[in-house]
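Student: I would like to see how this sequence folds:
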Amino acid sequence: MAKTKTTPEPSENSGGGDQPEQPKEGQQEQPIEPISKDARTWAMLCHLLAIFTGFIAPLVIWLIKKDEDPFIDSQGKESLNFQITVAIAMIISWLLCFACIGVVLVPAVAIVDIVFCILATIKVNSGQAYRYPVSIRFIK
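Tutor: Here you go, the predicted model:
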């Protein structure tokens, strides 16, 4: 059964009350297209393979599949942006090893990368878009 979205027709009395809008006679229903299993799988692979390959797998998947589905495009960009951010954080952490701070930062960045990638993989596989909380948006 497909989900439907109800769009109300404009009315004279559309004030900003706190009550939720009740369906009225004459409303049109527009179907919401569910995300295909194929799109979810490719988007999930963008996040999952990033654990093992860094930004390489998200980049390749995004470049090949970005025109096929907007969900793959958005999640590929999201994963790629996060992995570029992680790569920058790792380089800075390795440089800070000379000051003994990097000894703590390198494992911390690696753990954060793995945890966020797993969270993203689970969310995207269920059909929800995921947005990393700490990511520089290089590709928009």
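Student: just checking, next helix/strand downstream of the helix or strand containing residue 63?
Tutor: Residue 63 belongs to helix 56-65 when assigned by DSSP states H and E. If you walk from helix 56-65 toward the C-terminus, the next helix or strand you reach (DSSP H and E) is helix 70-95.
Student: For the helix or strand just after that following helix, give the mean pLDDT please.
Tutor: Stepping forward along the backbone from helix 70-95, the first helix or strand reached (DSSP H and E) is helix 102-125. What helix 102-125 shows for mean pLDDT is 93.
Student: for helix 102-125, packing partners?
Tutor: helix 37-48, helix 50-53, helix 70-95 (3 or more CB pairs under 8 Å, 6 or more residues apart in numbering; DSSP states H and E). For glycine as for every other residue, the C-beta is placed from the backbone atoms N, C-alpha and C.
Student: follow-up on the earlier one: would you mark the buried spots in the helix holding residue 63?
Tutor: Taking 16 or more other CB atoms under 10 Å as the basis for neighbour counts, the residues of helix 56-65 that come out buried are 57, 58, 59, 61, 62, 65.
Student: Would you reformat these as JSON lines and include pLDDT?
Tutor: Compiled in JSON lines, these are given as follows (pLDDT from 0 to 100):
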{"residue": "57", "pLDDT": "92"}
{"residue": "58", "pLDDT": "93"}
{"residue": "59", "pLDDT": "93"}
{"residue": "61", "pLDDT": "93"}
{"residue": "62", "pLDDT": "92"}
{"residue": "65", "pLDDT": "90"}
